[in-house]
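Participant: Sharing a model prediction with you, sequence too.
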Amino acid sequence: MNSGDSRGLRGHVSGVVLEPQDDGYDAARRIHNGLIDKHPAVIIQCKTTSDIAAAIRFAREHKLEIAVKGGGHNVAGRAMVEGGLVIDLSLMKAITVDTERRTVTAEGGVTLAELNRETQKYNLATTGGVVSTTGVAGLTLGGGYGYLAGKHGLALDNLLSATVVSAKSEIMTASERENADLFWAIRGGGGNFGVVSSFTYRAHPVGPTITAGLVAWPVSEASAVLRLYRELASSSDDEVTVASGLLCVPSTDTKVVGIIMAHFGSPEAGAARAKKVKGFGSPMLDTLGPMTYCDLNGMLDKLYPSGALYYWKSNFLAEMSDPAIETMIETFHRCPSSLSSIILEHWHGAAMRVPSDHTAFPHRREGHNFLILSEWTDPARNEVNQSWTRATFAAMQSFSTHNRYVNYLDQDEGETDLAGPYGANHPKLSELKAKYDPGNIFHLNQNIRPR
């Protein structure tokens with residue numbers, strides 16, 4: 001691609017076109033995971049759906065690989081490409097809340113913090129993630145686990161319609177009534193079928209105050225606390241979400257074990273449910289109590305800052321047995337970074353009562369998702385931290401299923417075995433890929449090849 005090509009492109013989009021020599025290029029190519037350092041030939045910061053269509057046409061004409069950046073939070077770094085074209089949605093921030101219909105429409109560059117800020121003005125919310133800097137686009141297209149999943153389903157379960165720009169630059173609506181097969185595919189199939197410029201979600205009454213927070217104990221109590229988490233999870237109804245983790249206190253080397261609880265029922269019921277956690281053992285930290293929904297969603301943000309170096313492995317557990325608990329603790333004690341953590345998410349409730357073939361997302365069995373979230377800051381420590389992550393993942397394999405959450409797969413995983421993230425839905429996804437993207441131009445993702 002030469003400068004003349006880019007000048008022509010600039011005349012066809014209302015957004016910002018950035019090349020390596022331009023101010024703002026380096027900032028635009030940076031994403032959340034500092035381990036990713038790619039240099040696109042051109043970044044198009046789109047402002048409209050038509051800009052996205054023009055960018056796709058340009059990439060096809062000039063045979064450039066396409067990456068799509070929403071929030072730029074995906075750990076695998078698939079929002080960037082070396083030498084290709086990036087469709088950057090970060091300027092597309094429009095959010096519209098319809099209080100009568102209880103819906104919210106958000107453009108593809110919106111983050112969870114921005115979405116929650118607008119919906120909570122009306123005491124409404126839809127399921128988001130657990131770190132508020134995450135973009136709604138990638139989260140939703142891959143699944144969308146969050147604190148509200150037990151009561152209201154995953155983010156994709158709340159999706160009512162989407163505006164999709166196809167591989168041929170066609171602007172389409174995907175919903176149960178229009179292009180229903182495309183709508184099925186984008187709910188779990190990731191960015192394989194087009195670029196989604198806007199999402200319309202169902203919103204639910206939530207907040208403004210809920211019962212939520214984190215309680216942490218010394219890591220010496222990890223066995224007992226993880227068993228408490230298991231007990232809480234087994235007795236949780238739809239209104240309660242619990243998660244647990246082995247982590248370090250920020251800015252120290254103090255290892256702790258923690259439980260996060262969020263209750264979306266009455267304050268009285270929430271306080272009663274919290275007592276069992278607050279009264280257990282001798283906590284070092286206790287923030288469990290009345291809290292705003294926005295504060296809950298931002299509670300973990302400081303633990304996972306933009307620019308740190310990240311490498312993840314995850315798997316759903318077959319069961320959370322005592323030997324699995326002891327293996328987690330043993331491997332965590334060998335962790336080389338005080339920033340890393342091992343996280344357990346309880347998947348249950350409304351999200352698990354959806355038939356596995358109702359959407360492309362297949363994982364509808366109640367259980368625990370086990371996530372090794374390796375984080376460090378010194379590039380010289382890349383190998384030691386990645387090696388620990390791989391070794392910990394291997395040590396947990398005997399307790400794990402084949403099922404894997406696509407949003408947690410890292411850059412060295414995915415295409416060789418898509419049965420893990422897509423299960424029995426993979427053949428249908430492959431057929432729809434052939435219909436909507438037969439040339440596989442949207443392949444910088446957990447790629448589904450056209451059949």
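Facilitator: Here it is on my side, so go on.
Participant: Pretty sure Glu319 sits against Ser400.
Facilitator: No. Assessed by C-beta atoms under 8 Å, Glu319 is found out of contact with Ser400, at 9.9 Å. Backbone N, C-alpha and C define where each C-beta goes, glycine included.
Participant: So for those two, which residue has more residues nearby?
Facilitator: Ser400 (18 against 12; other C-beta atoms under 10 Å).
Participant: quick one: secondary structure of the residue nearest to the spatial centre of the chain?
Facilitator: Compute the mean C-alpha point of the chain, and by C-alpha atoms, centre = their mean the closest residue is Leu139, 3.9 Å away. Judged by DSSP: H, G, I helix; E, B strand; the rest coil, the three-state class of Leu139 is helix.
Participant: so who does it touch?
Facilitator: Counting by C-beta atoms under 8 Å, 6 or more residues apart in numbering, Leu139 touches 71, 73, 112, 128-129, 146, 155, 407.
Participant: Just the ones of those in helices?
Facilitator: The members of the contacts of Leu139 that map onto helices under DSSP state H are Leu112.
Participant: so which of the contacts of Leu139 comes closest to Ser235?
Facilitator: Using C-beta to C-beta, Gly146 comes nearest to Ser235 of the contacts of Leu139, at 20.9 Å.
Participant: And the closest one, how far from Tyr201?
Facilitator: 12 Å (C-beta to C-beta, to the nearest Å).
Participant: Can you tell me the closest non-neighbouring residue to Met328?
Facilitator: Closest residue in space to Met328, ignoring its immediate chain neighbours: Ile342 at 5.6 Å, by C-beta to C-beta, 6 or more residues apart in numbering.
Participant: so what's the one you found bridging to?
Facilitator: Leu246, Ile372 (DSSP bridges).
Participant: Please look at it and Cys248 and confirm they touch.
Facilitator: No. Using C-beta under 8 Å as the test, Ile342 is too far from Cys248 to be in contact (11.0 Å).
Participant: Now the common contact residues for Gly146 and Tyr201.
Facilitator: With C-beta under 8 Å, 6+ apart as the test, Gly146 and Tyr201 both reach Ala155.
Participant: And the helices in the stretch 1-150 of the chain?
Facilitator: Per DSSP state H, counting those that start in this stretch, the stretch 1-150 of the chain carries helices over the ranges 3-10, 25-29, 49-61, 112-119, 136-142, 149-152.
Participant: which residues touch Val86?
Facilitator: Contacts of Val86 by C-beta under 8 Å, 6+ apart are 28-29, 40, 42-44, 66-69, 79-80.
Participant: Tell me the one among those residues nearest to Arg353.
Facilitator: Val68 (31.2 Å).
Participant: Report how many residues lie close to the closest residue to that closest one other than its chain neighbours.
Facilitator: Nearest residue to Val68 in three dimensions, chain neighbours excluded: Ile87, at 4.9 Å (C-beta to C-beta, 6+ apart). Ile87: 27 surrounding residues under other C-beta under 10 Å.
Participant: doesn't Thr49 make contact with Ile87?
Facilitator: No. Applying C-beta under 8 Å, one finds Ile87 not in contact with Thr49, separated by 11.2 Å.
Participant: And the contacts of stretch 283-291?
Facilitator: Applying C-beta under 8 Å, 6+ apart, the set of residues contacting stretch 283-291 is 209-218, 256, 258, 261, 267, 271, 274, 277-278, 299.
Participant: May I see the buried residues of it?
Facilitator: 283, 288, 291 (16 or more other C-beta atoms under 10 Å).
Participant: same deal with stretch 315-322?
Facilitator: Applying 16+ other C-beta under 10 Å to stretch 315-322 flags 315-317, 320 as buried.
Participant: Only the C-alpha atoms, please, for it, written as CSV.
Facilitator: Taking Å, rounded to 0.1, in the frame of the first residue of the first chain, the C-alpha atoms of stretch 315-322 are listed here in CSV:
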residue,chain,number,x,y,z
ASN,A,315,-10.9,-24.6,31.0
PHE,A,316,-14.2,-25.7,32.5
LEU,A,317,-13.7,-28.1,35.3
ALA,A,318,-15.4,-31.5,35.3
GLU,A,319,-15.9,-31.0,39.0
MET,A,320,-14.4,-28.9,41.7
SER,A,321,-13.0,-31.8,43.8
ASP,A,322,-10.7,-31.7,46.8
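Participant: Now do it, average pLDDT.
Facilitator: In this model, stretch 315-322 carries a mean pLDDT of 95.
Participant: I'd like to know how far the residue nearest to the centre of the chain sits from Thr377.
Facilitator: Per C-beta to C-beta, Leu139 is found 25 Å from Thr377.
Participant: circling back to that earlier point, just name the closest of the buried residues of stretch 283-291 to Ala233, please.
Facilitator: Closest to Ala233, out of all of the buried residues of stretch 283-291 and judged by C-beta to C-beta, is Leu288, at 16.0 Å.
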